[in-house]
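J.: pasting the structure only:
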């Protein structure tokens, strides 16, 4: 981070491997709705990570998660290796969590 030289407080950020229900519980405890939690996850689309326009908040990240390219058995090993880098495990889990869709 460039805005501070201090680490985030311990336990402030949810784990990267939480399933949808666990994420809803953690963010709910922070006063966030499921819709707000999913919108916050969409911030991962900003900054040129290969999803849509790098400085726009759009839905390319969500569309990619819903396609689940990391589980596409028609892809080559190289394509699957690349697809495995899409999103955090917790992001991928949102695509499997009915209340988060």
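T.: Right, received. Where do you want to start? Because the structure is predicted, anything quoted here is derived from the model rather than measured.

J.: Spit out the contact partners of the spatially most central residue of the chain.
T.: By CA atoms, centre = their mean, the mean C-alpha position of the chain lies nearest to residue 91, the distance being 3.0 Å. By CB atoms under 8 Å, 6 or more residues apart in numbering, the residues touching residue 91 are 41, 44, 61, 65. Any C-beta I mention is one placed from the backbone N, CA and C, and that applies to glycine too.

J.: what mean pLDDT does whichever strand or helix holds it have?
T.: Counting by DSSP states H and E, the element that carries residue 91 is helix 89-94. The average pLDDT within helix 89-94 is 90.

J.: For the nearest residue to residue 44 once chain neighbours are set aside, pull up the helix or strand it's in.
T.: Spatial nearest neighbour of residue 44, excluding adjacent residues (CB to CB, 6 or more residues apart in numbering): residue 61 at 5.8 Å. For residue 61, the element it lies in under DSSP H and E is helix 60-67.

J.: Name the next helix or strand downstream of that helix, please.
T.: Immediately after helix 60-67, counting by DSSP H and E, sits helix 77-83.

J.: buried set for that next one?
T.: residue 83 (16 or more other CB atoms under 10 Å).

J.: pLDDT on that helix, on average?
T.: The pLDDT scores in helix 77-83 average 87.

J.: which other residues reach that helix?
T.: So helix 77-83 is contacted by 69, 70, 72, 75 (CB under 8 Å, 6+ apart).

J.: Neighbour count for those residues - can I get that in TSV?
T.: Putting these into TSV (neighbours: other CB atoms under 10 Å) gives the following:
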residue	neighbour count
69	14
70	17
72	11
75	14
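
J.: Out of those residues, flag the one nearest to residue 3.
T.: Nearest to residue 3 out of these is residue 70 (CB to CB; 31.9 Å).
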